[in-house]
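Chemist: no sequence for this one, just the structure:
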């Protein structure tokens with residue numbers, strides 16, 4: 001089976017696109033241009049973007065944004081107002097810690113307290129007619145990093161489907177989207193490696209067999225800060241201002257849409273572990289710091305451990 005691949009850096013990670021059954025490299029070039037366009041609109045790591053224009057007007061005036069930006073902000077604000085750990089207004093805390101960047105630091109308690117006073121997602125004002133976003137407190141800042149990659153991955157999948165692509169893999173670091181049936185397996189199922197979440201850039205510890213799906217992982221190893229002999233990961237709790245402290249090393253969610261997987265990995269990480277399978281619409285993999293693994297709505301026969309230091313925890 002012929003395939004084409006391209007790798008490039010964007011959205012703070014290394015990304016890889018793979019298409020099967022075509023040699024039209026221009027399709028990948030067009031996809032990369034699409035991803036870069038979305039990043040240009042949504043990033044908060046540059047001085048200018050549609051989201052940064054909202055942040056820069058905080059406490060002053062509403063800002064009109066493009067429809068796709070408004071759509072994503074509205075979803076992020078809705079999830080924030082459910083108060084399960086996800087918070088689109090967490091920008092002041094993310095900027096304070098800046099984990100994953102060269103100037104990362106452990107802030108003072110006073111600085112954290114001050115930043116938390118600006119994380120008021122319930123106060124964000126949206127105007128569906130004018131497509132404006134208003135942050136009512138000066139110093140407020142949106143950060144869509146916990147949801148944007150999933151949104152963009154879904155848009156890439158839409159684009160590939162519209163182009164009639166046979167099969168493909170969208171890999172945005174911890175976000176994978178599988179398009180259509182796997183061309184190299186008779187049953188059409190894909191085999192995906194599950195990485196060691198306790199080691200940065202860890203090797204695969206298990207193989208997961210799945211139909212075409214979105215697979216989103218949030219973990220503690222890839223972006224972290226080591227200071228004064230202590231390790232701080234990047235998943236900040238808006239209620240405390242510090243990285244959320246529990247026994248989880250990573251959460252992986254299998255869902256039809258990548259944006260849902262983004263939201264759910266946050267929900268489950270702050271939930272501190274599994275939920276009742278009967279009440280949960282997605283599949284999930286929980287890997288703990290003690291190397292135990294819990295599966296929810298995933299057939300154990302489809303999950304093969306290849307690194308024996310990890311083990312399946314009994315339900």
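Modeler: In hand now; what should we look at? Remember, it's a predicted structure, so these values are computed and weren't measured experimentally.
Chemist: When you work out contacts or count neighbours from here on, use the C-alpha atoms and nothing else.
Modeler: Noted.
Chemist: Residues contacting stretch 75-87, please?
Modeler: For stretch 75-87, contacts defined as Cα atoms under 8 Å, 6 or more residues apart in numbering pick out 88, 121-122, 124, 144, 146-147, 237-239, 263, 266-267, 270-271.
Chemist: Show me what counts as buried in it.
Modeler: 76-81, 84-87 (16 or more other Cα atoms under 10 Å).
Chemist: Kindly report the same for stretch 6-13.
Modeler: For stretch 6-13, using 16+ other Cα under 10 Å, the buried residues are residue 11.
Chemist: Check stretch 166-176 too.
Modeler: Applying 16+ other Cα under 10 Å to stretch 166-176 flags 166-176 as buried.
Chemist: next one: stretch 15-28
Modeler: By neighbour count on 16+ other Cα under 10 Å, the buried set for stretch 15-28 is 15-20, 27-28.
Chemist: So which elements touch the worst-scoring helix or strand of the chain on mean pLDDT?
Modeler: Taking mean pLDDT, DSSP states H and E as the measure, the helix or strand of the chain with the lowest value is strand 224-227, at a mean of 72. Packed against strand 224-227, as judged by 3 or more Cα pairs under 8 Å, 6 or more residues apart in numbering; DSSP states H and E, are the following elements: strand 230-233.
Chemist: tell me what the strand it packs on is packed against?
Modeler: Partner elements for strand 230-233 (3+ Cα pairs under 8 Å, 6+ apart): strand 224-227.
Chemist: Could you please name the strands the strand it packs on pairs with and the direction of each pair?
Modeler: Strand pairing for strand 224-227, using DSSP bridges, gives strand 230-233 (antiparallel).
Chemist: before we move on, which element is the residue lying closest to residue 147 once chain neighbours are set aside in?
Modeler: Distance criterion Cα to Cα, 6 or more residues apart in numbering; nearest residue to residue 147, sequence neighbours excluded, is residue 262 at 5.5 Å. Per DSSP states H and E: residue 262 is located in helix 258-271.
Chemist: And residue 176, its phi and psi?
Modeler: Note on residue 176: its backbone torsions stand at phi -120, psi 130 [degrees, to the nearest 10].
Chemist: Which pLDDT value goes with it?
Modeler: For residue 176, the pLDDT comes out at 97.
Chemist: Would you mind measuring from the residue nearest to residue 302 when sequence neighbours are not counted to residue 93?
Modeler: Once flanking residues are discounted, residue 302 sits nearest to residue 209: 5.0 Å by Cα to Cα, 6+ apart. Residue 209 is 38 Å from residue 93, where distance means Cα to Cα, to the nearest Å.
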